[in-house]
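J.: what would the 3D arrangement of this be:
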Amino acid sequence: MRKKTKIIAYIGIFLLFFLASALVRISLLGSAPERLIKKATQDSTGDIFKNQNYENENGNQYDLYIPSGLDKTQNQYLILYIHGGSFNSGSKEDGETWCRYYAAQGYITASVDYTLQKQGKDASIYRMNEEIENAVRAIQQRAAELGYHIAGMAPFGVSAGGTLAMNLAYNGNSAIPVKFVFQMAAPTYFEPSEWSLLMKVDKLVSATDFCKMMTGKELDDYALDIQKISPAGIVNDDSVPSLIAYGRIDHCVPVNQKYYLMGAYILHDVPYDYIEFPKSNHGMYNDLDKLQEFLDKSLEYADRYFRE
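T.: Now for the predicted structure:
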């Protein structure tokens, strides 16, 4: 009996360690490019406007980064960073390195907070989508007050933030026209059977509980609503070009997720590029050459699609 108790205890410790490690990998993802970006580049950002307000019920804010020497007589373009964290953690500060990097390339950038599931019972993906749309309108207005016209944008996110970036791009509700979207390691389809790890992290015991958390609704038949909050279900014939990246040994986001998304791209003839990180888990840290390829490809997308 004592031996059985020890075995159960060891299993419990292992599961706690595994789940904690998964959350650490999720939280670290946002700072990945620091290993590739020189400090001199980060210091050339320009003006930073911290803690800007936008319409929401929970006091969420955004940070705005304006490149040095930006021409107010020309159209400008926005890259919006949306942080990850399993829809339950993370903050706009996670995007500072990314924002500084793209601002140093001449793009207005912003990083936004949104209501997390730990903050309230109505923190569904529908709510997050709406808040980010509101943030885009506020960024557009703030940039105009500063004298800049934003003619187009690209949402970008990691993990859960990548999901919200794609939802913004594919839903077609952005106040600023979305020209392309890019993401790393994002969930793409919320069929409950795929998300046993996330359900453990959030202490959910059934598919019904999972769907209620993700949609904010009591559902007898969740298939339609799951489709509406899942990027792979939202992709359509008018969806914008998309750059995506996944780690081959990601233990947090199931491998099928990227195939759901790429299948939707092929079905609807959406231009896309896929970059695989062969040695990386969810943190995307073990393939710096692929991370550099992702950064370079995102700038190619910006140069091409912002000018069309």
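J.: could you list the low-pLDDT ranges of the stretch 151-300 of the chain?
T.: Residues of the stretch 151-300 of the chain meeting the criterion pLDDT under 70: 198, 201-202, 219-221.
J.: which stretches in it count as helices?
T.: Counting by DSSP state H, counting those that start in this stretch, the stretch 151-300 of the chain has helices at residues 160-171, 196-201, 207-215, 223-229, 231-234, 256-267, 288-305.
J.: now, of those helices, which is deepest in the fold?
T.: helix 160-171 (a mean of 27; mean count of other C-beta atoms under 10 Å). Just so you know, the C-beta spots here come from the backbone N, C-alpha and C atoms, and that holds for glycine as well.
J.: name the helices or strands packed onto that one?
T.: Counting contacts by 3 or more C-beta pairs under 8 Å, 6 or more residues apart in numbering; DSSP states H and E, helix 160-171 packs against strand 76-82, helix 125-145, strand 150-158, strand 181-184, helix 231-234, strand 242-247.
J.: tell me which of these sits most buried.
T.: Ranked by average neighbour count under the criterion mean count of other C-beta under 10 Å, the helices and strands packed on helix 160-171 are headed by strand 181-184 at a mean of 28.
J.: can you name every helix or strand that that one contacts?
T.: strand 150-158, helix 160-171, strand 242-247, helix 288-305.
J.: note down every partner strand of the third one and its orientation.
T.: What that stands for is strand 242-247. Under the criterion DSSP bridges, strand 242-247 sits next to strand 181-184 (parallel), strand 272-277 (parallel) in its sheet.
J.: distance to Tyr259 added to those strands, as CSV?
T.: Formatted as CSV, those follow (distance: least, C-beta to C-beta, whole Å):
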stretch, distance to Tyr259
strand 181-184, 15
strand 272-277, 10
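J.: quick one, which of the helices of the stretch 151-300 of the chain is nearest to Gln52?
T.: helix 160-171 (17.9 Å; C-beta to C-beta).
J.: among the helices and strands packed on strand 181-184, which comes closest to Asp122?
T.: With C-beta to C-beta as the yardstick, what comes closest out of the helices and strands packed on strand 181-184 is helix 160-171 (16.0 Å).
J.: for stretch 274-293, which residues meet the burial criterion?
T.: 275, 277, 280-285, 287-288, 290-291 (16 or more other C-beta atoms under 10 Å).
J.: C-alpha coordinates for it, CSV please?
T.: This file holds the C-alpha atoms of stretch 274-293, laid out as CSV (Å, rounded to 0.1, in the frame of the first residue of the first chain):
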residue,chain,number,x,y,z
TYR,A,274,4.9,27.4,-43.5
ILE,A,275,8.2,27.3,-41.7
GLU,A,276,8.9,24.2,-39.5
PHE,A,277,11.2,24.3,-36.5
PRO,A,278,12.5,20.7,-36.5
LYS,A,279,14.2,20.7,-33.1
SER,A,280,11.8,23.0,-31.2
ASN,A,281,8.9,22.5,-28.8
HIS,A,282,6.3,25.1,-28.1
GLY,A,283,9.0,27.7,-27.1
MET,A,284,10.5,27.7,-30.6
TYR,A,285,14.0,28.2,-29.1
ASN,A,286,16.1,25.3,-30.6
ASP,A,287,16.2,26.5,-34.2
LEU,A,288,17.6,29.9,-34.3
ASP,A,289,18.3,29.5,-38.1
LYS,A,290,14.5,29.0,-38.6
LEU,A,291,13.7,31.9,-36.3
GLN,A,292,15.8,34.1,-38.5
GLU,A,293,14.1,32.7,-41.6
